[in-house]
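J.: the following comprises the amino acid sequence and a computationally predicted model.
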Amino acid sequence: MTNLNRYRFYRSIKSNKLTLLGFAIIIILTVIALAAPFIAPFDPSDVHITERLKNPDLKYLMGTDEYGRDIFSRVIFGTRVSLQVSFLVTIISTVIGTVIGLWSGYFGGVSDFIIMRTIDGLMSFPALLLSLFIMAAFGSSTTNLILALSIVFIPNSARLTRNAVLTIRELEYVESSRACGAGTLRIMFDHILPNCIPPLIINSTVVFGYAILSEAALSFLGFGDSSISSWGAILSDGRDFIFQAPWISIYPGIAISIFVLGANLTGDGLRDILDPRMEKI
């Protein structure tokens, strides 16, 4: 990206208020996750039986659960889990999916057929159902949760990259580089891959939002790591007290909504900026 294009990119972001809001939400949540030990007033695992199911007040800003654990502290530390899972799933699925799609789209032939039929097979399963199968096979842990969600989201990045490569590899400048003796790897990574990045960035923001929803759903169903506080696990704990102590479920639900809102606003803004077809004439 040249200095002029970089300047236009930053100016476009600054002029889009919703994109700035999305970025602000993600940055604030990241700061909260990093500073969780300093922000949370209590250890999220501390049990105070005498304080169980307390209403929100000045001491317990979001109330307590059935074990007397501070919901505010649990939600704060849950931000760490959600960001960790979302970032890692987005990075792993995007990198692996990009490499698969780049190979499949550039070389074509039998390898393309095998890869795409495998991708079609994975995409034929509902994402949550496929995640459940993988978690049931490997067990419940944060590592396996990240692995399962990465496998689920790899096909999207692979197919998106392949479609872009099929178009780009036939362009004149690629043919010129090939005629000048440029090697396969140089053509793939110097000429084709950079032009696949804008749609991949947009797709990554979508994966980022879906990853937190999927993590919350799996944790809610009991497939997460029970030893750590995640928003989905807190929601699961609160379902038995939804009428007696609704705050146990309300606050992590709000946190999930804010997180996904930030990811969606960021993704929409980047789509408008990076996709030439969305540019206003």
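T.: Done, it's in. Nothing here was measured: the structure is a model prediction, and the numbers come from that model.

J.: now do the contacts for residue 242.
T.: Residue 242 sits next to residue 249 when contact means C-beta atoms under 8 Å, 6 or more residues apart in numbering. For glycine as for every other residue, the C-beta is placed from the backbone atoms N, C-alpha and C.

J.: next, the buried residues of the longest helix belonging to the chain.
T.: Using DSSP state H, we find that the single longest helix of the chain is helix 71-107. Using 16 or more other C-beta atoms under 10 Å as the test for burial, helix 71-107 gives 71-86, 88-90, 92-94, 96-106.

J.: then stretch 249-261?
T.: Buried residues in stretch 249-261, counted by 16+ other C-beta under 10 Å: 249-253, 255-256, 259-260.

J.: re earlier: quick one: distance of the next helix-or-strand element following the longest helix of the chain to the chain centre.
T.: Under the assignment DSSP states H and E, the closest C-terminal helix or strand after helix 71-107 is helix 109-123. Distance, stretch centre to chain centre, for helix 109-123: 24 Å (C-alpha atoms, centre = their mean, to the nearest Å).

J.: does anything pack onto helix 109-123? Which helices or strands?
T.: Contacts defined by 3 or more C-beta pairs under 8 Å, 6 or more residues apart in numbering; DSSP states H and E place helix 109-123 against helix 71-107, helix 142-168.

J.: make it 6 Å
T.: Contacts defined by 3 or more C-beta pairs under 6 Å, 6 or more residues apart in numbering; DSSP states H and E place helix 109-123 against helix 142-168.

J.: on that earlier part again, next, the angle helix 142-168 makes with the longest helix of the chain.
T.: Orientation of helix 71-107 against helix 142-168 (axes from the mean of the first three to the mean of the last three C-alpha atoms, to 10 degrees) gives an angle of 40 degrees.

J.: remind me what helix 71-107 packs against, helices and strands.
T.: Here helix 71-107 touches helix 17-34, helix 36-39, helix 142-168, helix 193-220, helix 231-238, helix 247-274, going by 3+ C-beta pairs under 6 Å, 6+ apart.

J.: single out the most deeply packed of these.
T.: The highest mean neighbour count among these, using mean count of other C-beta atoms under 10 Å, belongs to helix 231-238: a mean of 24.

J.: now the angle between helix 247-274 and it, please.
T.: If you take the same axes, to 10 degrees, helix 231-238 sits at 150 degrees to helix 247-274.

J.: ok, and what's touching helix 231-238?
T.: In this structure, residues lying in contact with helix 231-238 by C-beta atoms under 6 Å, 6 or more residues apart in numbering are 65, 74, 78, 82, 216, 219-220, 224, 248-249, 252, 255-256.

J.: what's the answer for stretch 139-156, then?
T.: 85, 88-89, 92-93, 96-97, 119, 122-123, 127, 130-131, 134-135, 138, 207, 211, 214, 223-225.

J.: which stretches of this structure have low pLDDT?
T.: For the chain, the stretches with pLDDT under 70 are 1-16, 225-227, 272-281.

J.: by how many degrees do the longest helix of the chain and helix 193-220 diverge?
T.: Going by the same axes, to 10 degrees, helix 71-107 makes 140 degrees with helix 193-220.
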